[in-house]
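Engineer: Next come a sequence and a model predicted from it.
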Amino acid sequence: MKLYTNIRLSFMMFLEFFVWSSWYVTMGTFLGANLQASDSDISLAFSTQSLGAIVAPFVVGLIADRYFHAQRILGVIHLIGAGLMFFMYNSTDFSGFFPVLLGYMILFMPTLALVNSISFNQMKDPAKEFSVIRVWGTIGWITAGLLISFFAWDSQAGMEEGLLRNTWLMASVLSLVLGVYSFTLPKTPPQAKSADKTSFAEIIGLDALALLKDRNFAIFFISSILICIPLAFYYQNVSPFLTEIGVENSTGKIALGQVSEVLFMLALPIFFSRFGLKKTLIVAMLAWAVRYLFFAFGDANDGVWMLLVGIFLHGVCYDFFFVSGQIYTDSHAGAKFKSSAQGLITLATYGVGMLIGFWAAGLISNYYSDSEGNHIWGSIWLIPSGISVLVLLFFTLLFKEEKTALPK
């Protein structure tokens, strides 16, 4: 791949994840502080990601793969998204905010597959070239978080002045930039002919359900759904948690989780090759349990190191489980179900698993809070820690070790 094309695709990835990070990390804090949303409302807002993930296969499978160039769809979505973001920037109550957010996420989630499709279409050796492009998405995510803390929008003073609202304006501007920029990206024509017959089951990956006949894969599949329940607690609660207990520059500190993603992504091939799939997944699930224990007993003073370690463990939690899981799924599916299996896992985890997780996180956060909205965070974080331990035991006892090779 030419250097110029590499730079163009890297900038696309940077903008894609910058836009997402601009509002997603701090949304829970924003909704509570600016729109006086309840924990149930915040849970409902985060669940739009899962609903978007469920709809995404239809957009990509039915439209992008058959009728229109991927870069043009990406551009149109982000231009519309810029307008929706600006509307949310001006929102004054949750009832007006939520329908717009739902519409935005139904549009946005398919773009995660579209940027990958645009990238893969330009590559001769995706196994070697894609990681160099994709890492710029993580850099974009980190940059947005650092800027929010640099401008002190997430500080106590900033929230009292309503400055956290500016995250939506920043996302709107960058979405507009990405929308225009997308039309300059390399052409990515539809790969399937519109006349081709593809079943509904194939489009959303349900034909890959045949893989569940294998006991080991079924155990992994169930574990993947269950581990997304504690994952949802992190995405939904970490920003309100740090802000409420008085941690300054909390969004910048949360970005340490993405820094660790980069580091542990580099360590994964070594660990995976040496210890195998089962031990890698066990370490990931153990890291989930430990991080929430650190959150439960840490504080903004002498115990702040526990919070930072918990955030930094995000790389182990995410890379060691989800990336390893994608490798396992790819090797287990074979040529017939390769694409369908990945679609099924995404639908099950980001769709079903996290939808349950966001709902549970809202109920538990509401249960452990007082009439003024203050939370008993220690009790809240012990719940996902306990769930992680139960999933760990389920997987460890029932999953049998098998050899899984890393893609060359």
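Structural biologist: Structure received.

Engineer: Could you identify the helix or strand that succeeds the lowest-mean-pLDDT helix or strand in the chain?
Structural biologist: Of all helical and strand segments in the chain, the minimum by mean pLDDT, DSSP states H and E falls on helix 200-203, at a mean of 60. Downstream of helix 200-203, the first helix or strand assigned by DSSP states H and E is helix 215-244.

Engineer: Could you give the number of residues near His314?
Structural biologist: By other CB atoms under 10 Å, 23 other residues sit near His314. (Glycine included, C-beta is placed from N, CA and C.)

Engineer: residues touching the residue lying closest to it once chain neighbours are set aside, list them.
Structural biologist: Excluding the flanking residues, the one nearest His314 by CB to CB, 6 or more residues apart in numbering is Gly257, at 3.2 Å. Counting by CB atoms under 8 Å, 6 or more residues apart in numbering, Gly257 touches Ile311, Phe312, His314, Gly315.

Engineer: Farthest-apart pair in these, please.
Structural biologist: Ile311 and Gly315 (9.7 Å; CB to CB).

Engineer: what residues are shared contacts of these two?
Structural biologist: Gly257, Ser260.

Engineer: pLDDT value on Ala45, please?
Structural biologist: pLDDT, Ala45: 95.

Engineer: Just give me the neighbour total for it.
Structural biologist: 24.

Engineer: How about Asp93?
Structural biologist: 11.

Engineer: what about Ala300, neighbour count?
Structural biologist: Ala300: 14 neighbours (other CB under 10 Å).

Engineer: helix/strand/coil for the residue nearest to it when sequence neighbours are not counted?
Structural biologist: Once flanking residues are discounted, Ala300 sits nearest to Gly246: 4.4 Å by CB to CB, 6+ apart. Following DSSP: H, G, I helix; E, B strand; the rest coil, we place Gly246 in the coil state.

Engineer: Next, Gly246: phi, psi?
Structural biologist: phi 90, psi 20 (degrees, to the nearest 10).

Engineer: Touching, it and Val304? I think so.
Structural biologist: No - the criterion here is CB atoms under 8 Å, and Gly246 misses it with Val304 at 9.9 Å.

Engineer: between the two, who's got more neighbours?
Structural biologist: Neighbours were counted for Gly246 and for Val304 using other CB under 10 Å; Val304 has more, 17 against 12.

Engineer: Would you confirm that that one contacts Gly298?
Structural biologist: Yes - Val304 is within contact range of Gly298, at 6.7 Å (criterion: CB under 8 Å).

Engineer: Could you count how many residues lie near the residue lying closest to Asp214 once chain neighbours are set aside?
Structural biologist: Spatial nearest neighbour of Asp214, excluding adjacent residues (CB to CB, 6+ apart): His332 at 7.3 Å. His332: 19 surrounding residues under other CB under 10 Å.

Engineer: And His332, what's its pLDDT?
Structural biologist: 73.

Engineer: And the next helix or strand past the longest helix anywhere in the chain?
Structural biologist: Identified as the longest helix of the chain according to DSSP state H is helix 256-297. The helix or strand immediately downstream of helix 256-297 is helix 304-312, counting by DSSP H and E.

Engineer: now that next one: mean pLDDT?
Structural biologist: The model assigns helix 304-312 a mean pLDDT of 95.

Engineer: Which elements pack onto that helix?
Structural biologist: helix 250-254, helix 256-297 (3 or more CB pairs under 8 Å, 6 or more residues apart in numbering; DSSP states H and E).

Engineer: What are the buried residues along that helix?
Structural biologist: Val304, Met306, Leu307, Gly310, Ile311, Phe312 (16 or more other CB atoms under 10 Å).
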